[in-house]
Structure formats: C-alpha cells, structure tokens
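A.B. asks: this one's sequence-less:
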C-alpha cells in the first residue's frame, strides 16, 4: 500500500472509485497490512458475542427469563459510550508500555489483557447461583473490548492511505466475523463436547436441555486463550507512523486539543450535514443489533440443540460471512461505498423477515441453514461497506476519537432498544418481533439515499498530516 497524499476535509460521500483490474483489486488482500487486519479483526470480534449473543444462549439454557436477558444486553452499552474515553486512548501514554510498543500497540495490549481476565471470570461464574459476578465480568470484557476497538480503529486508519481503507475494512471485517463464528458456534460446540452425560434418572428429572456450568467453563476458558491471536499480532506488528501533534502547554490546552477539537473538527468540516451523517450512523445497524439479542434464545426455545446451532453457523455461517465481507469490500472499491451501503441496508432488513418465517415454520435444520446463510451474507456486505464509510469521514489527526464517536453512535440507540427485546417477545411472540426489526430498517434506506445525494461544501485545506504509507 503506497503513497501519502495531502490530507483535506473530505466530501460527504467518498471519492468515486478508480477502476482497476479485478486481479489487482483482489491482490490487496494478500498484502501484510491486510493480513494484520485479518488477525486483529479476529481479536476485536471475539469478545462481542461472549458478552451478548452467546451469553444469552447460556443464560436461557440456565433458565434465566427472556426479559432479564434483554436487560442484561445493556452491558453492550459500553460500546456505545467509548467516545467518552477515546480521547485518552488517542493521546494518553501508558507508563513503560508506550515507550516500548508505541501509542497504538500499548493500548491494544492493555485492553486485550483486560478482556482475557474478564473472560476467565465469566468462565468461573455460575448464573444459576447469582448473576452479579457474571455481569461484572461481562462489563470488564465489554470495557476492554471497546477500548481495544478504539485503539484498533486508529491503528487501521493510520496504517494505509484512503484508497486502501475499503480493503483493510474488508480484511478486518472478515477476521471479526470469523471470531464471531468461533465465539458463537465454537463456544456451543466446545460446551456440547464438554458435557458429561447424567445418569438416566437425573436426565429424566432435568430434561433434555439440562444446564451444565462446567461445560460452559471449559468453553469460556478456551475463548480467553483464543485472544492470543491478537496479542501475538500486536507484539510482532510495527507501530504506524505517529501523527505529529502540537504539544499542549497546560491542562486546559490538552483538554481542548484532545477532547474538544476532534468533535469541533468534524462539525467544522461538515456543518449541518453532520446531523445527517450522525443520524445515518445511529440507525444503520439497528435491524441486526436489535434482532441479534433474541436470536440465541429463539434457537433454544425452538428446540435447536447446541450441536445443531454450532454446525450450521460454523459451516454455512463461515462461508457466507467470508463471501459477504469480501464481496462488500470489492464492490465498494469498484462501485463506490454509498451504493453498497444501500445494498447492505436492504439485505440486512430483508434477512430478518426470514427469521420471522422460521418462527412459524418450526424446528427444521435445513431451514435454519438457509436463514443463517442469508443473514451472514447480508451482514458481511453491510459491515464491510459501513466500516469503509466511517473511515472516510475520519480526520487522521483525530482518528481514534472520531472513529470511536462514529462507532459508538452506531451501537448506542440499537443497544438501548434491544434491551426491551425480551419484553417484546414475551408480549407478541418471535414472528412479530423479527418482522418489527425488519421494519426498523426502512428509515435507514431514506438516510442512505439522502447522504448519497448531498455533497459537503468545498472544504479548506487541512493542516494535519495525512496517513503515511501502509506497513509492509
């Protein structure tokens, strides 16, 4: 990945893509920077389901009420408020670590250590006895994961020029989605393999879906060990070329430059168009996020076993996730981000209707394969385009803080709404719930259309340094 370019405030919509041969377009995924983002994306994607989706399967199997599961999903609001401490991650050095590793890698390593510790705590807790310990450990994982996202997004944006951000986003998204398969299907498969067959009388008393906490302990400890993928990548990566920042002469000046200026810069560049951009960001993934909280309780209540869910998501989920992420990245590079952003929004909402159909269809593994495959393909396309879009809005001088603001807004409203999903299912049933989540995607289509048509006013030249060449 190559040349630097002078940084300026970008238009509301990304530049029209340069048409390049398909082979040259695909070769970018084999470059070192893309491969690094693949493994770091895995590290970023691993914790999310372990404190949300997979945890909801575990809690439902343990007999926890759907409403409680819905409210516990508010643990994920940590991702929605990460912009609060993003300026610290963007500017504050960590004693000893920053001198040894650099600003981005030191924060990555610290956040990964917090994730590992939280996952070990979740493994040792038993939700049947009390929910307190598992909730506090889940909060630690979510906080560490959100902090890792802040540092990693800045690391990605600073590792390549603007023309390669779609490819890095696709590689990151592929690793991210693979980790979600491992943290979803992998956990279920490991937990199923770790169960001990009860005595006949005990099996009859407990029922077919008897909860065994020891099996979940093994699964979560394996997930904690899987974070080694990201840790090793951080240790053997090079720090991106640091953006030179003017030194602060006092605390007030530091607060101004670190916490106020990143947001002021965004508002200056886009003016009133900022409201449109932030509205689009706030609702783009609402269909997927709200639906996802109840997906695993839905599988449990429909009678699907851990093995069935794991097998379907492990095989078909991986294939369609890879296809979606790479298709989204390649199409964004060739046809422009906004067109693929619209395609992803349509597909994401439509795939939720398939879950509504499955709710009425009943227990059918073949039908589950079709629904999960379509859902993963749609999500992969939408996510790859959305990450590229968010990256195009970011000023590299404030990459961690501004991207944290965007990605936080992406989750804040959906996570809040998702907290009431259990109550909605209890009142109206799964079919109506999934249909309603699809309808939530209709405003997204209007906002994408508006954002694709409106151009920002001509921007003045930025005084900040542009990103350097990609690492090789």
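C.D. replies: Now that the structure is in, tell me what you want to look at. This structure is a prediction, so every number in the text was calculated from the model and none was measured.
A.B. asks: Flag the helix or strand of the protein with the lowest per-element mean pLDDT.
C.D. replies: helix 200-206 (a mean of 45; mean pLDDT, DSSP states H and E).
A.B. asks: List the contacts of residue 403.
C.D. replies: 150, 153, 154, 157, 390, 391, 394 (C-beta atoms under 8 Å, 6 or more residues apart in numbering). All C-beta atoms are positioned from the backbone trio N, CA, C, and that covers glycine.
A.B. asks: cutoff 10 Å now
C.D. replies: 82-83, 86, 90, 149-150, 152-154, 156-157, 262, 387, 390-391, 393-395 (C-beta atoms under 10 Å, 6 or more residues apart in numbering).
A.B. asks: Output the below-cut-off pLDDT ranges for the stretch 51-200 of the chain.
C.D. replies: In the predicted model of the stretch 51-200 of the chain, residues 160-166, 198-200 satisfy pLDDT under 70.
A.B. asks: what are the ranges of the helices in it?
C.D. replies: 53-61, 66-72, 77-80, 86-91, 97-101, 103-124, 132-157, 165-181, 187-194, 200-206 (DSSP state H, counting those that start in this stretch).
A.B. asks: Can you lay out those helices as TSV showing distance to residue 230?
C.D. replies: Below are the helices of the stretch 51-200 of the chain laid out as TSV (distance: least, C-beta to C-beta, whole Å):
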stretch	distance to residue 230
helix 53-61	18
helix 66-72	25
helix 77-80	17
helix 86-91	16
helix 97-101	14
helix 103-124	6
helix 132-157	8
helix 165-181	9
helix 187-194	17
helix 200-206	38
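A.B. asks: Deepest in the core, which of those helices is it.
C.D. replies: helix 165-181 (a mean of 28; mean count of other C-beta atoms under 10 Å).
A.B. asks: what's the next secondary structure element after the longest helix along the chain?
C.D. replies: The helix that spans the most residues within the chain, counting by DSSP state H, is helix 365-392. The helix or strand immediately downstream of helix 365-392 is helix 399-418, counting by DSSP states H and E.
A.B. asks: Now do whatever helix or strand comes next after that following helix against helix 399-418, angle only.
C.D. replies: Sequence order places helix 421-428 as the next helix or strand after helix 399-418, per DSSP H and E. Helix 421-428 and helix 399-418 meet at an angle of 20 degrees, taking axes from the mean of the first three to the mean of the last three C-alpha atoms, to 10 degrees as the criterion.
A.B. asks: Between helix 53-61 and helix 421-428, find me the angle.
C.D. replies: Using the same axes, to 10 degrees: helix 421-428 against helix 53-61 is 50 degrees.
A.B. asks: residues in contact with helix 421-428?
C.D. replies: With C-beta under 10 Å, 6+ apart as the criterion, helix 421-428 contacts 56, 60, 64-73, 289-295, 297-298, 301, 359, 417-418, 420, 430-437.
A.B. asks: Only whichever of the residues you listed are buried, select them in PyMOL.
C.D. replies: In PyMOL syntax, the buried subset of these is picked out as below (16 or more other C-beta atoms under 10 Å):
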select buried, resi 56+60+64+66+67+69+70+71+72+73+289+290+291+292+293+294+295+297+298+359+417+418+420+430+431+433+434+435+436+437
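A.B. asks: Residue 428: neighbour count?
C.D. replies: 12 (other C-beta atoms under 10 Å).
A.B. asks: correction: residue 253
C.D. replies: 12.
A.B. asks: how much space between the nearest residue to residue 123 once chain neighbours are set aside and residue 194?
C.D. replies: In space, and not counting its chain neighbours, residue 123 is closest to residue 220: 3.5 Å by C-beta to C-beta, 6 or more residues apart in numbering. As defined by C-beta to C-beta, to the nearest Å, residue 220 lies at a distance of 11 Å from residue 194.
A.B. asks: Sweet, I'm off.
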